[in-house]
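Enquirer: build me a model from this:
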Amino acid sequence: MRFEVRTIASMEAVPALQWNALIDADQPFLRHEFLHALEASGAVTSATGWTPAHLLVWQKDILVAAMPRYYKNHSRGEYVFDWSWADAWERAGGDYYPKALTAIPYTPAPGTRTAISKRVEKPAVFAALAQYCCDESLSSWHLLFAENREVDAWKAAVPELIERQGVQFQWQDSGFGDFDGFLAAMSSKRRKEIRRERRRVAEQGITLSRLTGDEIGPAALAHFYRCYQMTYLERGQRPYLPFDFFQRLQRTLPEALVLIQARAEEQPVAAALCLQGSKTLYGRYWGSEVEADCLHFETCYYQGIEHCLANGLTRFDPGTQGEHKLMRGFAPRQLRSLHYIVNPDFRRAVSHFCTQERTHIEAYYRHAQERLPFRHDVNVS
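Expert: Residues are numbered from 1 along each chain as shown. Got it, this is the predicted structure:
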């Protein structure tokens, strides 16, 4: 089976139909429209420290695999933090940057990273890609937030890869039926607390609505972006993503968008923008123009759970970090990333760090499982 691997410097270099033919319906962030919007809006360019160098695998004139890849001269927007590795290597006289990265920029959502056609054998594709990913001219290559089967396949293809673990919190439908059924699966104490949080939002005169696809008009999108900007400005930062990025998504990928809007006195005051696949809702972007008790929980968590239950979605990934999600029904999920370090001595040091870190991550994961608020007879795995 002969493959030709090519590197492209822009998503424009491959037709959307060919790229998307490889993408699972539950993976909106891997779609051509999403990755192209990042580049075309200026969020992902050499100027922002993300130089596209995507890999395509061809069998004759048929595209059989595709993988996003970037050359990075910093580690911002990745959410698997390797700043200490960079600092250690540069203090030792090495150049950590540029490095190679396979991830979805600014998007810590687990999913497929190497899209492969069903017509070819996957181990052969990983073997063909390995020599391009493990580039000896760079310090390292990093594969972030990939699914377990893909992580296992890469480890089989490249034994030198170092595994690093992490934890996120996700909601899973366990046959709840509706939101009342979801609450009924919880302990009495947590059920009352969530109802109190939702009631508190209503008592402040705030109402919530969910808009999807073409229901999201220009005014609603513009208001969302004002709120999104405020989330960053409050921390003295500029947002990673420009308004043009979201406008492009609205034009090219409207079916994936879910906008949750909070209103007070008939005026929008807060918003959360999610993306949805065939099975999963992905909560990503949020902001508010007002301070209101429990509004973040209602807008970013409870409305998303209701949307999933109403539309047959079985999983809700609300974004990275946040133990406060645990007590609101989001169970811990172990994540895995892979790292190829070119220098053997540095590779051993990083491997030792990840081995030590893994002990703490696994203990944290077990502790989080024990703190889930569901009744003992409810299986939420």
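
Enquirer: where along the stretch 51-200 of the chain do the helices fall?
Expert: Counting by DSSP state H, counting those that start in this stretch, the stretch 51-200 of the chain has helices at residues 83-91, 122-133, 148-157, 179-184, 188-203.

Enquirer: any idea which of these is most buried?
Expert: Neighbour counts (mean count of other CB atoms under 10 Å) averaged over each of the helices of the stretch 51-200 of the chain peak at helix 122-133, with a mean of 18. C-beta: built from backbone N, CA, C; applies to glycine.

Enquirer: now that one against helix 148-157, angle please.
Expert: Angle of helix 122-133 versus helix 148-157, following axes from the mean of the first three to the mean of the last three CA atoms, to 10 degrees, is 70 degrees.

Enquirer: now do helix 122-133: everything it contacts.
Expert: Contacts of helix 122-133 from elsewhere in the structure, counted by CB atoms under 8 Å, 6 or more residues apart in numbering, are 1, 3, 5, 7, 55, 57, 64-65, 67, 69, 100, 102, 114, 116, 141, 143, 153-154, 156-158, 340.

Enquirer: can you give me the helices for the stretch 201-350 of the chain?
Expert: Under the criterion DSSP H, counting those that start in this stretch, the stretch 201-350 of the chain contains helices at 218-233, 243-252, 295-297, 303-311, 344-370.

Enquirer: summarise which helices and strands the shortest one is packed against.
Expert: In other words, helix 295-297. Here helix 295-297 is seen to pack against strand 280-288 when contacts are counted using 3 or more CB pairs under 8 Å, 6 or more residues apart in numbering; DSSP states H and E.

Enquirer: next one: the strand it packs on to chain centre, how far?
Expert: 10 Å (CA atoms, centre = their mean, to the nearest Å).

Enquirer: let's have the helices of the stretch 51-200 of the chain in JSON lines, adding mean pLDDT and distance to Gln369.
Expert: Shown next, in JSON lines, are these (pLDDT from 0 to 100; distance: least, CB to CB, whole Å):
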{"stretch": "helix 83-91", "mean pLDDT": "97", "distance to Gln369": "28"}
{"stretch": "helix 122-133", "mean pLDDT": "95", "distance to Gln369": "31"}
{"stretch": "helix 148-157", "mean pLDDT": "97", "distance to Gln369": "18"}
{"stretch": "helix 179-184", "mean pLDDT": "98", "distance to Gln369": "18"}
{"stretch": "helix 188-203", "mean pLDDT": "97", "distance to Gln369": "15"}
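
Enquirer: can you redo those as CSV with distance to Ser278?
Expert: Output for the helices of the stretch 51-200 of the chain, formatted as CSV (distance: least, CB to CB, whole Å):
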stretch, distance to Ser278
helix 83-91, 36
helix 122-133, 21
helix 148-157, 18
helix 179-184, 21
helix 188-203, 28
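
Enquirer: among those, which is nearest Leu281?
Expert: Evaluated with CB to CB, these place helix 179-184 nearest to Leu281, the distance being 14.1 Å.

Enquirer: what are the contacting residues of the closest one?
Expert: Contacts for helix 179-184 (CB under 8 Å, 6+ apart): 175-176, 191, 194-195, 302, 305-306, 309, 329.

Enquirer: report the buried members of the residues you listed.
Expert: 176, 191, 194, 302, 305-306, 309, 329 (16 or more other CB atoms under 10 Å).

Enquirer: dump the residues you listed to JSON lines, plus distance to Glu266.
Expert: Shown next, in JSON lines, are these (distance: CB to CB, whole Å):
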{"residue": "Phe176", "distance to Glu266": "32"}
{"residue": "Arg191", "distance to Glu266": "31"}
{"residue": "Ile194", "distance to Glu266": "27"}
{"residue": "Tyr302", "distance to Glu266": "22"}
{"residue": "Ile305", "distance to Glu266": "26"}
{"residue": "Glu306", "distance to Glu266": "22"}
{"residue": "Leu309", "distance to Glu266": "27"}
{"residue": "Gly329", "distance to Glu266": "31"}
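
Enquirer: residue contacts, Arg280?
Expert: Actually, residue 280 is Thr rather than Arg. 26, 313-317.

Enquirer: gap between the nearest residue to Arg6 once chain neighbours are set aside and Ala271?
Expert: In this structure, Arg6 finds its nearest non-sequential neighbour in Leu56, 4.9 Å apart by CB to CB, 6 or more residues apart in numbering. The gap separating Leu56 from Ala271 is 36 Å, by CB to CB, to the nearest Å.

Enquirer: out of the two, which sits in the busier spot?
Expert: Ranked by neighbour count (other CB atoms under 10 Å), Leu56 and Ala271 place Ala271 first, with 26 against 20.

Enquirer: all good on my end, thank you.
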